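Novice: from the sequence below, what's the structure:
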Amino acid sequence: MRTVLKADFFFDRDLLPVHLYYTNSSRELGFHSHEFSEIAILMNGEAIYETDFSVEKVTAGDVLVIPTGGRHNYREEREVELMNILFQFDKLPIPNLSIRRQEGYGAIFRVTPDYYRKKKYYPKIHIPPEAVNRLRDILYPAWLAQLEGAFGSRLTVFGAFLQTIPILLRYYTPDAPHNIRHNLPEKFQACLDYMVLNYRKELTVEELAHRAGMTAATFTRHFKNALGQPPLRFLLQLRLEAAQELLKSGQYSIVEAALESGFSDSNYFSRLFRKYMRVSPRNWQKEQRHS
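Specialist: Residues are numbered from 1 along each chain as shown. Below is the predicted model of the structure:
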């Protein structure tokens, strides 16, 4: 029987669903999954890490990204020091939208769990000792605050999580040999990163499909399976996120924010903004000023 860890046990309907779990052994859990995502940082030691479709040795500096429902297990642990970050990313307020446009963010946080299971692949990053030490300095005190129930510990843990993201993205390299590459199309992942970095440009499905080495129909199907939405809808989402950031700064008018975010028509931008945000960009900007 395989254990399923429940979200309510760790988050209890928390508005900031992030929980740190520090351990020297995970053997007692056996083969398990959970109703949330997990980033497991091996800070020391080594172990055998297995999933439904892979078995490999992991060592200090390996960072394992385990999507919701991803079944996994550790065995043959030696001097293990493991910091697990448990989170429900879709429920978290990420204040710095520029983080979402970094290379690797899409592969780690946007891709759907079902896609990874179909492709028999979970993301993996390797970070050097100095980055491990940096994360230890960030995460260990936050874990202690959580353990002690210190005042504001939930904010402390959430802040530590936000500091962790850019460090991991810095060392994300999709073509690195330590990544499991053979089942995840490299050109597709590179295309996703290209969209994130070039959302202001006039991109077409045909151009993106060519970059991914696929036909337009295959690329669209592949994209929807991976991100749960078609490519042009994802492109609009990137532009809307960018426009929100500019409007929130208070330094851009609606027309300026629209043009800077890749929209050629501010009226179209306003209609689209109202459709997805359920409020006009002008009223949204006013709300942000008074929040």
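Novice: the spatially closest residue to Leu42 that is not a sequence neighbour: what's it in contact with?
Specialist: Distance criterion Cβ to Cβ, 6 or more residues apart in numbering; nearest residue to Leu42, sequence neighbours excluded, is Asp62 at 4.8 Å. For glycine as for every other residue, the C-beta is placed from the backbone atoms N, C-alpha and C. Neighbour list for Asp62: Leu42, Tyr49, Lys124, Ile125, His126, His178 [criterion: Cβ atoms under 8 Å, 6 or more residues apart in numbering].
Novice: now which of the residues you listed would you call buried?
Specialist: Buried members of the contacts of Asp62, counted by 16 or more other Cβ atoms under 10 Å: Leu42, Tyr49, Lys124, Ile125, His126.
Novice: need the phi and psi values for the first one.
Specialist: Here is the backbone geometry of Leu42 (degrees, to the nearest 10): phi -80, psi 100.
Novice: could you name the helices and strands sitting against whichever helix or strand His222 is part of?
Specialist: His222 belongs to helix 216-227 when assigned by DSSP states H and E. Judged by 3 or more Cβ pairs under 8 Å, 6 or more residues apart in numbering; DSSP states H and E, the packing partners of helix 216-227 are helix 113-119, helix 186-197, helix 205-212, helix 231-249.
Novice: can you put these in CSV and add mean neighbour count?
Specialist: CSV is the format used below for the helices and strands packed on helix 216-227 (neighbours: other Cβ atoms under 10 Å):
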stretch, mean neighbour count
helix 113-119, 17
helix 186-197, 19
helix 205-212, 17
helix 231-249, 20
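Novice: now render those as TSV, adding distance to Gln288 and mean pLDDT.
Specialist: As requested, the helices and strands packed on helix 216-227 are arranged in TSV below (distance: least, Cβ to Cβ, whole Å; pLDDT from 0 to 100):
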stretch	distance to Gln288	mean pLDDT
helix 113-119	32	79
helix 186-197	24	80
helix 205-212	32	91
helix 231-249	5	89
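Novice: phi first, then psi, for the residue nearest to Leu42.
Specialist: phi -80, psi 140.
Novice: please point out which parts of stretch 141-161 sit buried.
Specialist: Ala142, Trp143, Ala145, Gln146, Ser153, Arg154, Thr156, Val157, Phe158, Ala160, Phe161.
Novice: which non-adjacent residue is nearest the second one?
Specialist: Nearest residue to Trp143 in three dimensions, chain neighbours excluded: Leu20, at 4.2 Å (Cβ to Cβ, 6+ apart).
Novice: run through the bridge partners of Arg75.
Specialist: Ile48 (DSSP bridges).
Novice: enumerate every residue touching it.
Specialist: Arg27, Ala47, Ile48, Glu50 are the contacts of Arg75 under Cβ under 8 Å, 6+ apart.
Novice: could you flag which of these are buried?
Specialist: For these, a burial check counting by 16+ other Cβ under 10 Å picks out Ala47.
Novice: where in this protein is pLDDT low?
Specialist: 1, 14, 94-101, 103, 173-186, 290-291 (pLDDT under 70).
Novice: need phi/psi at Leu16.
Specialist: phi -120, psi 80.
Novice: okay, it and Phe161: tell me how far apart.
Specialist: Per Cβ to Cβ, to the nearest Å, Leu16 is found 9 Å from Phe161.
Novice: what is in contact with the two at once?
Specialist: Leu92.
Novice: dump the residue contacts of the residue nearest to Tyr194 when sequence neighbours are not counted.
Specialist: Excluding the flanking residues, the one nearest Tyr194 by Cβ to Cβ, 6+ apart is Arg211, at 6.2 Å. Arg211 is in contact with Lys187, Ala190, Cys191, Tyr194, counting by Cβ under 8 Å, 6+ apart.
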